[in-house]
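K.L.:
Quick check, what structure comes out for this input:
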Amino acid sequence: MIFDKASAAKNIRWKIGILLVWGFLASAAWGQAPLADEKSEAPPAATVERESKTIDRRDSDSGDDDELADSTMSEYRIELDAPGAVSGFLQRYLDLYRMQRRKDLSDEDFLLLVEQTPQNVQSLLKTQGYFNAEAESWVTEGDDGVTVHLRVVPGQQVIVTKVDVRVTGAIEQDEETMTRFRRALDRWLWRLPEGAPFDQTAWDESKRRAHDYIVSRHYATATIASSKAEIDPKTHQAILTLEIASGQAYVFGEVSIIGIERYPENVVRDLIRFRPGDGYQRRDLLDLQSELQGLPYFGGVLVEALPSVEAPYVAPVVVTVQEVPHNKLDLGVGYSTNYGLRLQTRYAYNNVLSRGWVFDTQLNLSANEKQGEVGLSFPRKQNGYEHRLYVAYNDSNLQGIRSRASKWGASRTKTHNKIERMMSVEFLNENRHDDYGTEDSLKALPFTYRWVKRDVRTQRNPRRGNIVQLEGSAALKGLLTDESFIRLYGRGVQYWPVGDKHVALARLEVGQTFTRHPGKVPSDYLFRAGGSNSVRGYDYQSLGIIHRTTAWPGRVLATGSFEYQHTVYGDWRAAAFVDYGDAADRWSDWSGKAGVGVGARWASPVGMLGADLAYGVDAKTWRFYFSLGMSF
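P.N.:
Numbers count the residues shown, from 1 in each chain. The predicted structure follows:
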């Protein structure tokens with residue numbers, strides 16, 4: 001790296017001007033944290049010294065100006081001397097660390113960045129309540145390369161000594177809402193109580209939460225009348241003042257629907273739970289919009305209230321929908337490790353008899369399994385439930401068992417607040433046999449209840465939260481059923497973020513069927529394990545009751561998995577995992593099988609795409625798996 005003292009004197013002023021503008025834009029682009037409400041200036045305290053080979057541009061000549069402009073800083077180290085309370089924060093948000101990853105940073109830009117670092121430190125620390133911070137930076141170059149030294153003395157942190165939150169307007173006469181607001185303010189709304197260190201992010205979040213609480217409950221036009229954070233750097237105290245003007249209390253007005261032409265209007269009206277004259281609640285609008293977006297009739301939905309500015313204070317509601325065509329045909333070719341090459345087709349007609357009934361058919365074909373289903377779904381009602389009738393057929397040949405099963409059933413489903421509840425009753429008729437002459441003809445009429453909670457921010461790329469499914473089925477002998485049974489089943493997956501980019505997950509699956517004669521229970525209500533999303537390292541459904549070369553389903557199941565995913569680049573992750581589990585006739589026969597391996601994950605636009613290479617410890621075999629979707 002070359003630093004010619006004669007190269008930078010010429011035109012230094014206009015270069016610094018350009019670079020200052022560049023620094024401002026870079027700071028905004030890299031997401032520098034905002035200041036408190038009151039602005040407080042602090043002069044920079046940069047020091048650039050010479051040690052060993054010193055980097056200094058102040059006395060450079062102008063003869064090699066172009067050469068300096070083209071020179072780039074390949075890499076530099078940072079030595080930070082700061083208390084632990086602020087060290088991690090600076091490493092996360094300081095431009096000096098962010099720019100360290102850049103490969104096109106010129107020497108001149110680098111020096112300017114170092115000079116600006118103390119001021120950037122002071123600006124950042126103000127957002128954490130350090131208004132008297134001191135910082136200095138300097139650069140040295142030695143045998144081990146270029147090093148930026150940064151010493152920070154944050155000073156005493158500002159403490160919140162008083163919080164004054166006032167709500168004025170018509171809400172002052174609404175004792176019930178005011179009482180609930182004060183209670184929520186103390187319990188969870190306000191993030192900066194008296195005695196807490198001042199934090200700009202918490203201050204902004206507290207104001208937003210308090211305002212949103214008022215706006216969402218009757219007072220649709222509430223505004224923040226004033227907000228002030230009075231910071232005294234000498235006494236290290238902060239007084240926070242917030243005033244919210246509630247405006248008038250509103251009630252819902254008439255609901256008008258825009259954009260509906262192909263489908264009957266009742267598919268929207270039947271989902272509206274509020275009536276004209278009911279107190280305005282923003283949650284009602286959000287719930288309605290969420291439900292309408294989940295219907296097959298619309299590609300886009302917007303639900304908004306239009307509060308009047310004069311008495312009477314009514315908020316008419318406008319529902320704007322973007323319809324999709326009646327007919328929808330999906331064709332696809334996929335590959336699954338469990339099934340191999342798979343051809344899929346689905347056709348749906350969304351307006352049978354002009355009533356919004358949905359007729360759908362689907363067909364899945366693979367080498368080992370053929371599935372077909374025809375269904376008729378009815379529009380969701382105000383109680384949130386939707387109903388469906390269906391007929392299905394399944395022909396499979398897995399692990400030495402050939403099964404042909406037909407189903408006729410009806411289901412009732414409701415989804416609300418991340419929870420799906422489903423009740424169904426179906427008649428199932430199955431014929432199964434193996435290669436050694438064992439053959440069963442089975443029938444059952446089970447009732448099933450399923451409860452699923454999806455508490456993850458996004459199913460495409462979950463990093464925090466969990467998904468839990470609990471299920472119970474029961475059938476009574478003599479009621480179109482060969483053998484009475486009760487089947488209980490549960491599975492779940494928990495996600496934990498590791499650092500800023502990585503993730504760990506654990507999966508657990510447990511089930512048991514209570515019956516005297518499992519040989520008379522259909523395969524769908526017994527258990528087998530093995531394969532992708534089960535115990536990797538073993539063939540799909542190869543773990544069960546082993547008889548000769550056949551894996552029969554058993555009455556008990558338990559599998560578990562732990563996986564760590566490390567972000568490598570962008571949406572790509574490397575994974576390492578261990579699986580353990582088995583299926584058997586009794587718990588005394590259960591013998592866990594272990595599988596370990598590594599894989600790759602890609603958070604694609606349609607979901608998590610995974611490829612795994614797993615070793616079955618007990619089987620002593622390697623197997624490759626390919627999957628699309630969450631490990632569940």
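
K.L.:
What segments of the stretch 151-300 of the chain are strands?
P.N.:
159-168, 223-232, 237-245, 251-258, 298-305 (DSSP state E, counting those that start in this stretch).

K.L.:
er, the stretch 451-600 of the chain I mean
P.N.:
465-475, 485-498, 502-514, 545-547, 550-552, 556-569, 572-584, 593-604.

K.L.:
Sheet-wise, list the partners of the fourth one with their directions.
P.N.:
It refers to strand 545-547. Strand 545-547 pairs in its sheet with strand 550-552 (antiparallel), by DSSP bridges.

K.L.:
Same check on the second one?
P.N.:
Based on DSSP bridges, the pairing partners of strand 485-498 within the sheet are strand 465-475 (antiparallel), strand 502-514 (antiparallel).

K.L.:
Quick one, which of the strands of the stretch 151-300 of the chain gets closest to residue 109.
P.N.:
Residue 109 lies closest to strand 223-232 among the strands of the stretch 151-300 of the chain, at 33.0 Å (CB to CB). Yep, even glycine has a C-beta here, placed from its N, CA and C like the rest.

K.L.:
Mind listing residues that contact the closest one?
P.N.:
36-38, 40, 131, 158, 168, 198, 203, 207, 211, 237-245, 247 (CB atoms under 8 Å, 6 or more residues apart in numbering).

K.L.:
Can you tell me which of the residues you listed are buried?
P.N.:
For the contacts of strand 223-232, a burial check counting by 16 or more other CB atoms under 10 Å picks out 36-37, 131, 158, 198, 203, 207, 211, 238, 240, 242, 244-245, 247.

K.L.:
Please identify which two of these are farthest apart in space.
P.N.:
By the measure CB to CB, 131 and 247 form the most distant pair in the buried ones among the contacts of strand 223-232, at 35.3 Å.

K.L.:
Now stretch 552-564: buried residues?
P.N.:
Residues of stretch 552-564 classed as buried: 552-559, 561, 563-564 (neighbour count, 16+ other CB under 10 Å).

K.L.:
Alpha carbons of that stretch, as CSV, please.
P.N.:
The C-alpha coordinates for stretch 552-564 follow below in CSV (Å, rounded to 0.1, in the frame of the first residue of the first chain):
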residue,chain,number,x,y,z
TRP,A,552,-45.4,-53.4,9.3
PRO,A,553,-46.9,-50.3,11.1
GLY,A,554,-46.9,-50.5,14.9
ARG,A,555,-48.8,-49.0,17.8
VAL,A,556,-46.1,-46.7,19.2
LEU,A,557,-43.9,-44.1,17.7
ALA,A,558,-41.2,-41.7,19.1
THR,A,559,-38.7,-39.7,17.0
GLY,A,560,-36.6,-36.7,17.7
SER,A,561,-34.1,-34.5,16.0
PHE,A,562,-31.7,-31.7,16.7
GLU,A,563,-30.2,-29.5,13.9
TYR,A,564,-27.9,-26.5,13.7
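
K.L.:
partner residues bridging the nearest residue to residue 508 once chain neighbours are set aside?
P.N.:
The shortest distance from residue 508 to any residue other than its chain neighbours is 5.0 Å, reached at residue 560 (CB to CB, 6 or more residues apart in numbering). Residue 560 has the following beta-bridge partners by DSSP bridges: residue 508, residue 580.

K.L.:
same question, residue 572
P.N.:
Per DSSP bridges, the residues bridged to residue 572 are residue 569, residue 602.

K.L.:
Would you reformat the buried residues of stretch 552-564 as JSON lines and include distance to residue 268?
P.N.:
Shown next, in JSON lines, are the buried residues of stretch 552-564 (distance: CB to CB, whole Å):
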{"residue": "552", "distance to residue 268": "50"}
{"residue": "553", "distance to residue 268": "45"}
{"residue": "554", "distance to residue 268": "48"}
{"residue": "555", "distance to residue 268": "47"}
{"residue": "556", "distance to residue 268": "47"}
{"residue": "557", "distance to residue 268": "43"}
{"residue": "558", "distance to residue 268": "46"}
{"residue": "559", "distance to residue 268": "43"}
{"residue": "561", "distance to residue 268": "43"}
{"residue": "563", "distance to residue 268": "43"}
{"residue": "564", "distance to residue 268": "46"}
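
K.L.:
how about those residues in JSON lines, adding pLDDT and distance to residue 518?
P.N.:
Listed next are those as JSON lines, based on pLDDT from 0 to 100; distance: CB to CB, whole Å:
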{"residue": "552", "pLDDT": "94", "distance to residue 518": "9"}
{"residue": "553", "pLDDT": "95", "distance to residue 518": "8"}
{"residue": "554", "pLDDT": "96", "distance to residue 518": "7"}
{"residue": "555", "pLDDT": "97", "distance to residue 518": "5"}
{"residue": "556", "pLDDT": "98", "distance to residue 518": "10"}
{"residue": "557", "pLDDT": "98", "distance to residue 518": "13"}
{"residue": "558", "pLDDT": "98", "distance to residue 518": "17"}
{"residue": "559", "pLDDT": "98", "distance to residue 518": "19"}
{"residue": "561", "pLDDT": "97", "distance to residue 518": "26"}
{"residue": "563", "pLDDT": "97", "distance to residue 518": "32"}
{"residue": "564", "pLDDT": "97", "distance to residue 518": "37"}
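
K.L.:
Nothing else from me, thank you.
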